[in-house]
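Engineer: Quick one, fold the following:
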Amino acid sequence: MKNYHTHTFRCKHAVGEVDDYVQAAAARGLSVLGFADHTALPDNRWLFMRMSRAELPGYVRAMEEAQRSCSELVILKGMECEWAPEYHGFFQDVLLGQYALDYLVLGSHFFPHGGEWLSSHLDVYDAERLSAYTKHLIKSMQSGLFAFVAHPDLYGLTYMEWDENAAAAARDILSAAKELNLPLEINGNGLMSRVVETAQGSRTAYPWLPFWELAAEYGVSVVVNSDAHRPSLVDQGLREGLRIAETLGLPLADLDHLEGVEHV
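Structural biologist: Numbers count the residues shown, from 1 in each chain. Sure, this is the predicted structure:
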């Protein structure tokens, strides 16, 4: 099994250092472990859920030391990023360039609306905000910086009902993913721990099954990751997510090229 979405203590809502996850992954028979902690930003924005710019060298150093010392599995260096035009150069020149990260993950935890940045976890509760979330996510996808999109259906946390607006948002995201040939993630953390109560009953917030049923119509490729926030969860949801993909006939993305990828 492979997992390309792993966090460390640096994001302030996870525990464990790189080596702790490497040991857990090796013990559970994973063949690839990719780290994608919440990126440092040049202006140290949103520090309550990410490392500071000063912590970036230590994060990269920990991953590189693990790469040198571990022969049991492939270890990849990545970051989970919120895209904005002002950060594009930093992602391209510093993260992919200077630090030679193997890949970046698009994780759209915030989106612009009404002159401010809103939370994708808390604030997507009406059609207007869902539209703003969707438009920003697609614009971020079009940046060309990312290897895949983490939890594209994150809006299921606060947009409670699957209605015409939820379906339209899904179709727009899926159309963009198909056009860009950009894989979408079935998220193991959400699958195993994010349950919401709605008028339509209890459901997993994300992955939101109707979203992925639509995905099968578009033929988008998917990647299944644990989104682990503690070493013991390094393989959470991987088997279950793979079963969803198999049941719906969703093709798995081939990310083998990420090892030693050349960045433009």
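
Engineer: all helices of this protein, in order?
Structural biologist: In the chain, the helices defined using DSSP state H lie at 18-27, 56-69, 88-89, 127-141, 164-180, 188-193, 209-218, 238-248.

Engineer: Run the chain-centre distance for the shortest one.
Structural biologist: This points to helix 88-89. 19 Å (CA atoms, centre = their mean, to the nearest Å).

Engineer: Need the contact partners of that helix.
Structural biologist: Applying CB atoms under 8 Å, 6 or more residues apart in numbering, the contact partners of helix 88-89 are 143, 145. For every residue, glycine as well, the C-beta is placed using N, CA and C.

Engineer: The fifth one now?
Structural biologist: By CB under 8 Å, 6+ apart, the residues outside helix 164-180 that reach it are 127, 130-131, 133-134, 137-138, 141-142, 149, 152-153, 155-156, 159, 182-184, 208, 210-211, 214-215, 217-220.

Engineer: which of these are buried?
Structural biologist: Neighbour counting by 16 or more other CB atoms under 10 Å classes 130-131, 133-134, 137-138, 141, 149, 152-153, 155-156, 159, 182-184, 208, 211, 214-215, 218, 220 among the contacts of helix 164-180 as buried.

Engineer: what's the spacing between the residue located most distally from the centre of the chain and residue 55?
Structural biologist: The C-alpha centroid of the chain is most remote from residue 199, which lies 28.0 Å away (CA atoms, centre = their mean). Residue 199 sits 43 Å away from residue 55, going by CB to CB, to the nearest Å.

Engineer: just residue 252 next, same as before
Structural biologist: Relative to residue 55, and taking CB to CB, residue 252 is found at 33 Å.

Engineer: ok, back up a step: of the helices of the chain, which approaches residue 232 most closely?
Structural biologist: Nearest to residue 232, of all the helices of the chain, is helix 18-27, at 6.5 Å by CB to CB.

Engineer: Could you list the low-pLDDT ranges of the stretch 101-250 of the chain?
Structural biologist: By pLDDT under 70, the stretch 101-250 of the chain has no low-scoring segment.

Engineer: okay if I get the helices of the chain as a markdown table plus distance to residue 102?
Structural biologist: A markdown table is the format used below for those (distance: least, CB to CB, whole Å):
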| stretch | distance to residue 102 |
| --- | --- |
| helix 18-27 | 14 |
| helix 56-69 | 9 |
| helix 88-89 | 19 |
| helix 127-141 | 19 |
| helix 164-180 | 19 |
| helix 188-193 | 20 |
| helix 209-218 | 25 |
| helix 238-248 | 20 |
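
Engineer: how about the spatially most central residue of the chain, phi and psi?
Structural biologist: Ranked by distance to the mean C-alpha position of the chain (CA atoms, centre = their mean), the top residue is residue 150 at 2.4 Å. Phi and psi for residue 150, reported as degrees, to the nearest 10, are phi -80, psi 140.

Engineer: shouldn't it be in contact with residue 82?
Structural biologist: No - in this structure residue 150 lies outside contact range of residue 82 using CB atoms under 8 Å: 10.6 Å.

Engineer: Please identify every residue contacting each of those two.
Structural biologist: Common neighbours of residue 150 and residue 82 (CB under 8 Å, 6+ apart) are residue 107.

Engineer: List the buried residues for stretch 40-50?
Structural biologist: By neighbour count on 16+ other CB under 10 Å, the buried set for stretch 40-50 is 40, 41, 50.

Engineer: Distance check, the first one against residue 21.
Structural biologist: It stands for residue 40. Relative to residue 21, and taking CB to CB, residue 40 is found at 19 Å.

Engineer: ok, residue 190 - how many residues close by?
Structural biologist: When neighbours are counted by other CB atoms under 10 Å, residue 190 registers 24.
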